[in-house]
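[1] My questions are about this predicted structure, shown below with the sequence.
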Amino acid sequence: RRHALENLFSLIRRSLALARSDSLYRNSTFLAANAATNALLGFSFWAIAARLLSAQAVGLAAAVITVATLVATFSYLGFDNALIKYLPTSSAKDHDTHTGLTLAGAASIIGASIALIIAGDSGSKLRILVSSPFSIAAFVALCLLTSWNSLTNVVFIADRTAQYVLLTTVVFCVARLPFLFLFNHGGYSDATSGWLIGQGVSVFASFFILYKVSGYRYRPSFDIPAARRMVHFAAANYVSNLAAALPSLVFPSVILGVIGPKYAAYFYVVYLIIVCLSQLPFGVSLSLFAEGSRDPDNMWAHVRRATMATVMFTVPSLVALVAVGYPLLALFGHSYAVHGYGCLCVLCLSSVPGMVTYIGGTVLRITGRMRTLIVGSILGAAFTIFVGIFALIEFRSLIAVAGGMLIGQVVVSSVFAVDVARLYRVERRGR
């Protein structure tokens, strides 16, 4: 036992030394810590919400936050990846950042307006979004702040300062928690109001850090040369990102309509856990993207290191999550564990091809192979949505939805892996 502990401490010391000396590992480590922090504090938020609110209220809050996240995802317009690619070598970083934030902000307001019109005209429970002028304004603000929060994180990653991503995540998670107790209305707005205020405080913290570190001050502006330089890459990533994100953002609303708000709450909590886990390979892939954009000549060396980091961070976490998943879900309530654990296990299994998807997709972005990126993402989304919805209607089970997501992940990872392997063989022969 003593020998095992000595080996563990030695591994930790070597990992910390590597993180200090290697920017890819350093950024990946901070983003992994960010994922762990987001998971821990996210669990705390939703566990408290599940105890204070009914399952119906949690399900409605989850659906509202999911719709806002969907709108924010649409509003990035591909500039999240474009900023990582172009900021490291740009001579006009402020103009590039102004342009990305301004376009994303405008798109989020337009997207929120469209979502409100659809919600108002539908017969779904999401009509609560247009129940009052305050609800309308709060939803628009939530979409805008969610979009800006993600894009400021991208700026930190591009500048190799991922420690500030961790800091602003802590600010967001801590700021939203007290409002579950302060409002105490027992409705869905207790959770969504806290979420909105947390996003606002986090965005303010991000702008403050950017000003202190680099002197950046956001000014709403649109720089045509900056937009022209990034637009083609951004557009391709926009299509790919939307296709990849669409299934996970659509399913909570579909589940809400097909089998009810309780199951939407169960699925949202399970998916929240999986999203936190997926931040590990996602964070490594973002670090790889930043490093590969700065130093494309040594891309394959970066890929090997990123692959090792992905396996090191993700595989032990997957095993641990399957082992403790049932009691973890039980913290939200016994029904969450009963109805959600099987879904959690299947989604953990889908994280294995998901690691291939993250690394492969990053290689495709660095090398400009956008057609494969788009085709693979669309195929994966199509399989996920059609199989998942068909299985949900047929079996009325969350495991059926998770099975559709597993099949979609296998499809997209296979497409990416085949093209990356072909690219590697071509470059090896060229040497």
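    Thanks, I have the structure now.

[2] low pLDDT regions in the stretch 101-250 of the chain?
    Along the stretch 101-250 of the chain, segments meeting pLDDT under 70 span 122-125, 183-188.

[3] How are the helices of it distributed by residue range?
    133-158, 163-176, 179-183, 189-214, 224-258 (DSSP state H, counting those that start in this stretch).

[4] who wins for proximity to A421 among these?
    Closest approach to A421 among the helices of the stretch 101-250 of the chain (Cβ to Cβ): helix 224-258, 19.3 Å. Every residue, glycine included, has its C-beta placed from N, CA and C.

[5] OK, contacts around the nearest residue to T102 once chain neighbours are set aside?
    Closest residue to T102 apart from its sequence neighbours, by Cβ to Cβ, 6 or more residues apart in numbering: P220 at 5.1 Å. With contacts defined as Cβ atoms under 8 Å, 6 or more residues apart in numbering, P220 is in contact with 98, 102, 105.

[6] The first one: what secondary structure?
    What that stands for is H98. Here H98 is recorded as helix under DSSP: H, G, I helix; E, B strand; the rest coil.

[7] so how far is I157 from it?
    Note on H98: its distance to I157, by Cβ to Cβ, to the nearest Å, is 18 Å.

[8] repeat for G368
    Taking Cβ to Cβ, one finds G368 at 20 Å from I157.

[9] Run a quick neighbour tally on G200.
    19 (other Cβ atoms under 10 Å).

[10] Which residue, other than its chain neighbours, is closest to it?
    The shortest distance from G200 to any residue other than its chain neighbours is 5.4 Å, reached at L145 (Cβ to Cβ, 6+ apart).

[11] For S206, see how far away that neighbour is.
    10 Å.

[12] try Y268
    Y268 sits 26 Å away from S206, going by Cβ to Cβ.

[13] now swap in A138 and tell me
    Distance from A138 to S206, counting by Cβ to Cβ: 20 Å.

[14] With D295 instead?
    Distance from D295 to S206, by Cβ to Cβ: 26 Å.

[15] How about A301?
    A301 is 32 Å from S206, by Cβ to Cβ.

[16] Same drill for the two, tell me which one is more crowded.
    In this view A301 and S206 are compared by other Cβ under 10 Å, and S206 has more residues nearby, 24 against 13.

[17] Pull the contacting residues for the more buried one.
    So S206 contacts 148-149, 152-153, 156, 164, 168 (Cβ under 8 Å, 6+ apart).

[18] Distance to L31 and neighbour count added to the residues you listed, as TSV?
    Formatted as TSV, those follow (distance: Cβ to Cβ, whole Å; neighbours: other Cβ atoms under 10 Å):
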residue	distance to L31	neighbour count
W148	19	24
N149	15	20
T152	15	24
N153	9	22
F156	10	23
Y164	11	21
T168	12	22
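
[19] Those residues: which two are farthest apart?
    Greatest spacing in these, by Cβ to Cβ: W148 and Y164 (14.5 Å).

[20] low-scoring pLDDT stretches of the stretch 301-431 of the chain, where are they?
    430-431.
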